[in-house]
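Visitor: Provide a 3D model corresponding to the input given below.
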Amino acid sequence: MTWGQATDAQLFEVYNASLVSLGILPARGQSIAPYRVTKRSIAPFFEPNYSVRLYVDIKSWRPLGWNLPSNGVAYEACGHIWFDEGQGCLNVENHPEGKIYVRLVAGTCFRAACPTCYQKWAAREAGQIEEKFKRISRNNAEAAVPGYGRPVHAVISVPEIDAFLMYNNLDILKSKVYAIAKKVGLKGYCVIFHPYANEKMHEETPEKILIDKSTGDFDLDSLREYYSKMNKHINFWYVRPHFHIIGYAPRDYDNPENDAFNEDTITKIYKETGYVVRNLGVRDSVRNTAHYQLSHAGVKKGRQTVCWVGDLSNRNYHKMNPLPKFPPRPHTCPECQAELAPVRWDPLAEVRAQVFSVDTFSSAKCLDLSEPGPSPLEGMREGGYWIDPGGWRYLYRGEKNHSCLVRRPDAR
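Guide: The predicted model follows:
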């Protein structure tokens with residue numbers, strides 16, 4: 001096909017690919033769905049006071065507006081796996097069948113906008129939210145704190161008359177929401193803003209993501225399966241700003257007249273302001289709740305995705321006498337619990353060892369000088385594998401594997 005034979009759509013596709021290769025975001029995404037359409041709201045999920053439902057093409061990148069996670073451009077090394085490197089445990093005597101454990105790690109930038117790394121960004125942010133609650137309760141994130149109770153999940157939805165504030169006056173909108181949160185008794189909490197809603201997503205209860213006991217993080221296979229189910233609803237988003245809150249709201253069940261978070265207060269707030277407050281109750285898992293909300297949170301340049309308010313704000317948090325920050329948990333072998341160390345695929349190491357060993361070397365005929373093959377993990381996904389020990393070794397002094405933290409490329 002020549003340039004003269006190419007259609008406008010094909011030329012536009014090549015143009016966008018050229019922009020991406022230069023690190024420039026295309027003005028529009030590759031979606032063929034209409035950018036915005038309106039539809040009469042028959043049964044809106046959040047508030048009954050929206051006259052229309054404004055659908056949004058979330059695949060279209062808005063450089064100065066609100067986006068959803070994964071809506072940007074990945075760096076070149078994002079998701080890259082070095083198949084001949086990893087973290088591993090070579091203690092074959094402590095492993096079944098004399099195997100070794102090697103964990104492949106992909107390059108990650110931990111950016112919300114990255115279509116490759118956004119899942120890990122959400123998982124890491126959720127872990128940090130869980131840790132902040134853990135440091136107060138001194139137990140687990142879901143445990144009760146004296147004077148505060150257990151963490152609850154609440155949603156404050158914005159009425160149609162104030163929805164426009166999310167575009168150019170978000171601080172005013174947040175101040176209104178925080179004032180309402182104070183009225184219903186929320187004392188310390190984190191806030192995750194959602195500019196859009198998706199009715200289809202709420203038809204299914206989000207599944208809990210399994211925890212990998214060897215790392216303390218979300219299990220990678222479980223995380224992939226989770227997002228594969230979520231992504232099928234990608235085309236059903238519409239403008240409906242609302243704030244998800246995870247935090248403490250002390251309740252006084254013995255004296256309902258002193259209990260701020262009750263139906264009477266919520267109804268009064270709705271009649272006076274149009275804002276809808278819903279208490280979704282205590283959390284079985286703060287981490288899973290936070291991760292689900294982060295997976296489709298609002299992402300905008302210059303704005304924090306997670307904000308801490310009240311007694312859990314950065315200014316007041318120390319007054320609650322939290323535990324010190326937890327040290328990073330080392331990744332361990334799932335079988336012998338030994339800490340994983342950097343390993344490398346180097347099948348010629350055994351040959352070199354024979355060459356320099358006086359006891360074992362007799363002649364070149366006994367050496368295997370054939371060209372070594374690729375790593376046995378070539379083409380595998382990120383994760384841990386039990387494999388035969390031949391060809392793998394720990395790093396020598398002074399050696400380093402590639403860093404798996406991907407940084408922004410130098411513009412020069």
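Visitor: Excluding covalently adjacent residues, which one is nearest to residue 125?
Guide: Excluding its sequence neighbours, the residue lying closest to residue 125 (Cβ to Cβ, 6 or more residues apart in numbering) is residue 294, at 5.4 Å. Placement of C-beta: from N, CA and C, glycine included.
Visitor: lowest average confidence, helix or strand, in the chain?
Guide: For the chain, the helix or strand with the lowest mean confidence is strand 36-40, at a mean of 37 (criterion: mean pLDDT, DSSP states H and E).
Visitor: what's the next secondary structure element after that strand?
Guide: Sequence-wise, the next helix or strand beyond strand 36-40 is strand 52-56, with elements assigned using DSSP states H and E.
Visitor: what's the neighbour count on residue 325?
Guide: Here the neighbour count serves as a burial measure; for residue 325 (other Cβ atoms under 10 Å) it reads 10.
Visitor: if I pick the residue nearest to residue 125, what's in contact with it?
Guide: 69, 121, 122, 125, 126, 192, 305, 306 (Cβ atoms under 8 Å, 6 or more residues apart in numbering).
Visitor: Turn those into CSV, including pLDDT, secondary structure and distance to residue 177.
Guide: Conversion of the contacts of residue 294 to CSV gives the following (pLDDT from 0 to 100; DSSP: H, G, I helix; E, B strand; the rest coil; distance: Cβ to Cβ, whole Å):
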residue, pLDDT, secondary structure, distance to residue 177
69, 91, coil, 21
121, 94, helix, 24
122, 93, helix, 22
125, 95, helix, 20
126, 94, helix, 21
192, 97, strand, 12
305, 95, coil, 15
306, 96, strand, 15
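Visitor: Of the residues you listed, which is the nearest to residue 402?
Guide: Here the nearest of the contacts of residue 294 to residue 402, counting by Cβ to Cβ, is residue 121; it sits at 20.2 Å.
Visitor: you'd agree the closest one is up against residue 115?
Guide: No. Under the criterion of Cβ atoms under 8 Å, residue 121 makes no contact with residue 115, lying 11.1 Å away.
Visitor: Comparing these two, which shows the higher neighbour count?
Guide: Regarding residue 121 and residue 115, a neighbour count based on other Cβ under 10 Å identifies residue 121 as having more, with 22 against 15.
Visitor: so what's the more buried one up against?
Guide: For residue 121, the contacting residues are 69, 110, 111, 112, 114, 294, taking Cβ under 8 Å, 6+ apart as the criterion.
Visitor: what does residue 112 give?
Guide: Residues in contact with residue 112 (Cβ under 8 Å, 6+ apart) are 69, 70, 118, 121, 122, 297, 299, 305.
Visitor: And the residues you listed, which two are furthest apart?
Guide: Comparing the members of these, the greatest separation, given Cβ to Cβ, is between 70 and 305, at 13.0 Å.
Visitor: which one of these two has more residues nearby?
Guide: A direct count of neighbours by other Cβ under 10 Å for residue 70 and residue 305 places residue 70 higher, at 25 against 18.
Visitor: Just give the nearest non-adjacent residue to the spatially most central residue of the chain, would you?
Guide: Using Cα atoms, centre = their mean, the residue of the chain that lies closest to the mean C-alpha position is residue 122, 1.3 Å off. Counting by Cβ to Cβ, 6+ apart, the nearest residue to residue 122 once its immediate chain neighbours are dropped is residue 294, at 4.2 Å.
Visitor: Alright, that wraps it up for me.
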